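In: Provided below are the primary sequence and the corresponding predicted coordinates.
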Amino acid sequence: MAKVPVSVCIIAKNEEKYIEECLKRLIPYGFEIVVADTGSTDATKEIARRYADKVLEFEWTDDFSAARNFCAENASNNWILSLDCDEFVNSVDVASMRIMMQKYPRHIGTIRLKNLVLKENGEKGYGTDDVTRLYNRNFYCYDFPIHEQVCPRDMDKRDEMAQCFLVPMEVIHYGYALPKEEMQKKQLRNLELLYHNLEKNPDDLYTLFQIGQSEFIIGNYEKSVQFYERAVLQNPTTEFFFVHILITSLAKAYVMVGREADALDLMNRYAERCKSARYTFTHAGILLDNNQPLKALLLYIKTTMMEDADTLGENLMYCYEHIIRLYTDMGDMKMAELFKDKYEACRKERERVIGKTE
């Protein structure tokens, strides 16, 4: 197979559980593979050397961006595809990927990452996140010490909305499919770096948002509300999609602390500015929490018709499930029946994705 002018750059530390499968999945596509090890004491480096073109050592500095930039600087290609060891590639349309890179040389490639999760009952599920991972290192680099982001090298363009294209590849992320105790440890490690960064940048919007996310995951809902609210008070532009997630996360946190009315007020207030399937799906759920089933039904139906409905992951299945249940509760079995095929298709897709992990 002809070499593809893309270097897959991976940073790793004590990842012997995942790294072999991660690297094996990449071999068929002709990418250069570069691994930067940040201090492993297990077999990570030994495994990496079996598959990677380059295995580098990087002295850890509590800065994920520094490690990723080091890895990219030592790659042979200008186009960099950044992955983690717990992210496994299922498929790549290499020909389409080449075309997009040629057509959009200054754009960033976004991966629709399928995140596996472990639910309270031990059942696996999945959600999706669009993450910026493919970029030309001449124009972009990583920034932020944790929850690092691809950013323009030109500082004058940092506040501009990035131009992106969707990379034709399926990647499944295992990093959230952890038992509760392991997830707690992971989030506490993240919070240590996030709070350290907040000391240096007390008004940084993205850091406030990510602290809220980690505090929510470990069950500190009151504290997550505080940080989400601090971020929202900055009146951030909803052109950035993470702001949609910020608003919906604050609404969910309000529900967790018994403030359902505040959650609905917040979602209503931003509804005209946040026109995404994930926002609309969450808005419908908040309406249900506030005993407004008819309005919730209308929003669930609207969600299924939105262009980005596939970004919902398995929540699209639950969207159809809610529609069927609400119509059934209203006694309209004919309308409920109309959505059962759609529900079934989503259920089968969920089984396919989860099945890839077994």
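Out: Thanks, I have the structure now.

In: what's the helix or strand for residue 142?
Out: Taking DSSP states H and E as the criterion, the element that holds residue 142 is strand 140-143.

In: Likewise for residue 328?
Out: Taking DSSP H and E as the definition, one finds residue 328 inside helix 315-329.

In: What about residue 64, how many residues nearby?
Out: Other residues near residue 64 come to 18 when the count uses other C-beta atoms under 10 Å. Any C-beta I mention is one placed from the backbone N, CA and C, and that applies to glycine too.

In: Name the nearest residue to it, sequence neighbours excluded.
Out: Sequence neighbours aside, residue 148 is the residue nearest to residue 64 in space, at 4.6 Å (criterion: C-beta to C-beta, 6 or more residues apart in numbering).

In: Residue 3 too?
Out: Skipping the residues right next to it in sequence, residue 3 comes nearest to residue 30 by C-beta to C-beta, 6+ apart, at 5.0 Å.

In: Please apply the same query to residue 139.
Out: Nearest residue to residue 139 in three dimensions, chain neighbours excluded: residue 106, at 5.6 Å (C-beta to C-beta, 6+ apart).

In: looking at it, the one you found is touching residue 136, isn't it?
Out: Yes: Residue 106 sits in contact with residue 136 when judged by C-beta atoms under 8 Å, with a separation of 6.9 Å.

In: quick one, which of these two is more surrounded?
Out: Residue environment comparison for residue 106 versus residue 136 gives the larger neighbour count to residue 136, 17 against 12, counting by other C-beta under 10 Å.

In: these two touch, right, that one and residue 105?
Out: Yes: Residue 136 is in contact with residue 105 according to C-beta under 8 Å; the separation is 6.4 Å.

In: can you confirm residue 135 is in a strand?
Out: Yes: using DSSP: H, G, I helix; E, B strand; the rest coil, the assignment for residue 135 is a strand.

In: what's the spacing between it and residue 162?
Out: With distances taken as C-beta to C-beta, to the nearest Å, residue 135 is found 10 Å from residue 162.

In: quick one, which of the two is more surrounded?
Out: Just comparing residue 135 and residue 162: by other C-beta under 10 Å the higher neighbour count belongs to residue 135, 25 against 18.

In: low-scoring pLDDT stretches of the stretch 251-358 of the chain, where are they?
Out: Counting by pLDDT under 70, the stretch 251-358 of the chain contains low-confidence ranges at 356-358.

In: what ranges do the strands span in it?
Out: With strands called from DSSP state E, counting those that start in this stretch, the stretch 251-358 of the chain shows none.

In: now the stretch 101-250 of the chain
Out: Using DSSP E, counting those that start in this stretch, the strands of the stretch 101-250 of the chain run over 108-118, 124-136, 140-143, 149-152, 164-166, 169-173.

In: Look at residue 20 and say how many residues are nearby.
Out: Burial of residue 20, expressed as a neighbour count using other C-beta under 10 Å, amounts to 17.

In: What are the buried residues along stretch 174-190?
Out: Neighbour-count burial for stretch 174-190 flags 174, 176-178, 183, 186-187, 190 (criterion: 16 or more other C-beta atoms under 10 Å).

In: what's the answer for stretch 334-352, then?
Out: Buried residues in stretch 334-352, counting neighbours by 16+ other C-beta under 10 Å, are found at 335-336, 339, 342-343, 346, 349-350.

In: Grab the nearest non-local neighbour of the residue positioned nearest the centre of the chain.
Out: Among the residues of the chain, residue 129 comes closest to the average C-alpha position under C-alpha atoms, centre = their mean, at 3.2 Å. Closest residue to residue 129 in three dimensions, ignoring its sequence neighbours and counting by C-beta to C-beta, 6+ apart: residue 113, at 5.0 Å.

In: got the contact list for the one you found?
Out: Contacts for residue 113 (C-beta atoms under 8 Å, 6 or more residues apart in numbering) come out as 87, 128-131, 171-173.

In: Nothing else from me, thank you.
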